[in-house]
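A.B. asks: Quick one, structure for this:
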Amino acid sequence: MFHLNRRGLLAAAALLAAGLAHGQSHRQAIKLLVGFTPGGGTDAVARLIANKLPGVLGQPVIVENLPGAGGVRAANALVAAAPDGNTFMVANNAVLTFQSLVFANQIKWNYQRDFAPVAGLTTYALGFAVPVSIGVSSVPEYLKWVKANPEKATFGSTGLGGQTHFLGMQFAKAAGIDLQVVPYKGVTPMVTDLLAGQVPAAIGLMDDMLKFHRAGRLRVIGVFSAKRSPLTPDIPTFAEQGFPNVQSEAWQAMWAPAKTPKAQIDRMQDAVRKVLEMPDVKEAMASRLNDIPTFRNAAELAHVQEAEMQYWEPIIKASGFKPE
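C.D. replies: Prediction:
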């Protein structure tokens, strides 16, 4: 009798599971496009959110990585997707802002015409780091050092034409120094050279440098945010160190194809808000990703996007930088 009952319970459980799976799978899976490789910061945020969305939406959610050209490949795919509420893109601000301002002749879309803002997801700090071997612990001390060693007035950046590149140019102009960028193809070789003292400074995401800063292997002497990050309250801002106009932060958000129905935008926006309010999501972002959950609705995201475009356009034009 026990075996019969147990088999019956197992059969009933299997039927229930199948019914639940069918109830969720009868709807097309939502795709979150990510223009970077698995394991990176944007991918990690997308997967964290994707893991929670099915419980809110009652619909399967998958992450599809389309790395290439600084996120352009995923943006191209989003523009080409049907505006039916089943395809979204998770990207950092550099994809739309700097691709639009720096590489406008190389892209086929317009950020205002072809993308529908859905929700802001996170904000995170960018920092200026130096090797401990140069013996400086603040921005003013770094400026004294670099003026005494003009042949070493360089900084590392992950590529040309992006946010960290132009932040370095903005800082150099404000400080009255000639600071040359050293482009890297990725964060790993840049941080490796920074740790070894092969490059005397670098600008990058705090997530990429913080563990080495805390271990005393390099020193982050300032962050570019308007205020100190609650995740790194011991690191002062550039504004605190005499450079109030050298400010910028990075952020991640979600977009849909243009002409996606407002009801679908609102549905995903509300689901994202609920996910970002979950305590375990907040904890994971802070402890694992060094990100701050920052929900913005579609209108707020559009405003932030436009403000950033207006901020960076004159800086980029004044730099004279031309992409190859």
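A.B. asks: Identify, by residue count, the longest strand of the chain.
C.D. replies: strand 115-124 (DSSP state E).
A.B. asks: And the average pLDDT for that strand is what?
C.D. replies: For strand 115-124, the mean per-residue pLDDT is 97.
A.B. asks: One more: stretch 32-50?
C.D. replies: 93.
A.B. asks: Next, the distance between the ends of that stretch.
C.D. replies: With Cα to Cα, to the nearest Å as the measure, stretch 32-50 spans 8 Å from end to end.
A.B. asks: got a list of contacts for stretch 151-164?
C.D. replies: Stretch 151-164 is contacted from outside by 70, 93-94, 97-98, 102-103, 126, 128, 146, 165, 168, 177-187, 190, 193-194, 199-204, 248, 250, 321, 323, using Cβ atoms under 8 Å, 6 or more residues apart in numbering. Glycine gets a C-beta too; all of them are placed from N, C-alpha and C.
A.B. asks: From these, list just the buried residues.
C.D. replies: Buried members of these, counted by 16 or more other Cβ atoms under 10 Å: 70, 93-94, 97-98, 102, 126, 128, 146, 165, 168, 181-182, 184, 187, 190, 193-194, 199-204, 248, 250.
A.B. asks: among these, which are in strands?
C.D. replies: Counting by DSSP E, the members of the buried ones among the contacts of stretch 151-164 that fall within strands are Leu126, Phe128, Val181, Val182, Ala202, Ile203, Gly204, Ala250.
A.B. asks: Between all of the residues you listed, which two are separated the most?
C.D. replies: Greatest spacing in these, by Cβ to Cβ: Val182 and Ala250 (20.1 Å).
A.B. asks: for the residue nearest to Pro60 when sequence neighbours are not counted, what are its contacts?
C.D. replies: Closest residue to Pro60 in three dimensions, ignoring its sequence neighbours and counting by Cβ to Cβ, 6 or more residues apart in numbering: Ala29, at 3.9 Å. Contacts for Ala29 were tallied using Cβ under 8 Å, 6+ apart; they are Gln59, Pro60, Val61, Ile62, Asn86.
A.B. asks: Restricted to buried residues, select those residues in ChimeraX.
C.D. replies: To isolate the buried ones among those in ChimeraX, judged by 16+ other Cβ under 10 Å, type:
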select :59,60,61,86
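A.B. asks: would you list the contacts of Ala29 in JSON lines and tack on pLDDT and secondary structure?
C.D. replies: Output for these, formatted as JSON lines (pLDDT from 0 to 100; DSSP: H, G, I helix; E, B strand; the rest coil):
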{"residue": "Gln59", "pLDDT": "96", "secondary structure": "coil"}
{"residue": "Pro60", "pLDDT": "97", "secondary structure": "coil"}
{"residue": "Val61", "pLDDT": "98", "secondary structure": "strand"}
{"residue": "Ile62", "pLDDT": "98", "secondary structure": "strand"}
{"residue": "Asn86", "pLDDT": "97", "secondary structure": "coil"}
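A.B. asks: okay but Asn93 is in contact with Thr294, surely?
C.D. replies: No: contact criterion Cβ atoms under 8 Å: Asn93 and Thr294 do not qualify, at 11.6 Å.
A.B. asks: Now the common contact residues for the two.
C.D. replies: Trp251.
A.B. asks: CA atoms of the longest strand of the chain as PDB?
C.D. replies: C-alpha atoms of strand 115-124 as PDB (Å, rounded to 0.1, in the frame of the first residue of the first chain):
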ATOM      1  CA  PHE A 115      14.900  52.500 -28.500                       C
ATOM      2  CA  ALA A 116      12.200  52.700 -25.900                       C
ATOM      3  CA  PRO A 117      13.400  53.200 -22.300                       C
ATOM      4  CA  VAL A 118      12.000  50.700 -19.900                       C
ATOM      5  CA  ALA A 119      13.800  51.000 -16.500                       C
ATOM      6  CA  GLY A 120      17.000  52.000 -14.800                       C
ATOM      7  CA  LEU A 121      18.700  49.100 -13.000                       C
ATOM      8  CA  THR A 122      21.900  50.100 -11.200                       C
ATOM      9  CA  THR A 123      24.500  52.800 -10.700                       C
ATOM     10  CA  TYR A 124      28.100  52.200 -10.000                       C
END
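A.B. asks: what's it packed up against?
C.D. replies: helix 41-57, helix 72-80, strand 87-92, strand 250-257, helix 262-276, strand 292-296, helix 298-319 (3 or more Cβ pairs under 8 Å, 6 or more residues apart in numbering; DSSP states H and E).
A.B. asks: One more pass at 10 Å, please.
C.D. replies: Counting contacts by 3 or more Cβ pairs under 10 Å, 6 or more residues apart in numbering; DSSP states H and E, strand 115-124 packs against helix 41-57, helix 72-80, strand 87-92, helix 93-102, strand 250-257, helix 262-276, strand 292-296, helix 298-319.
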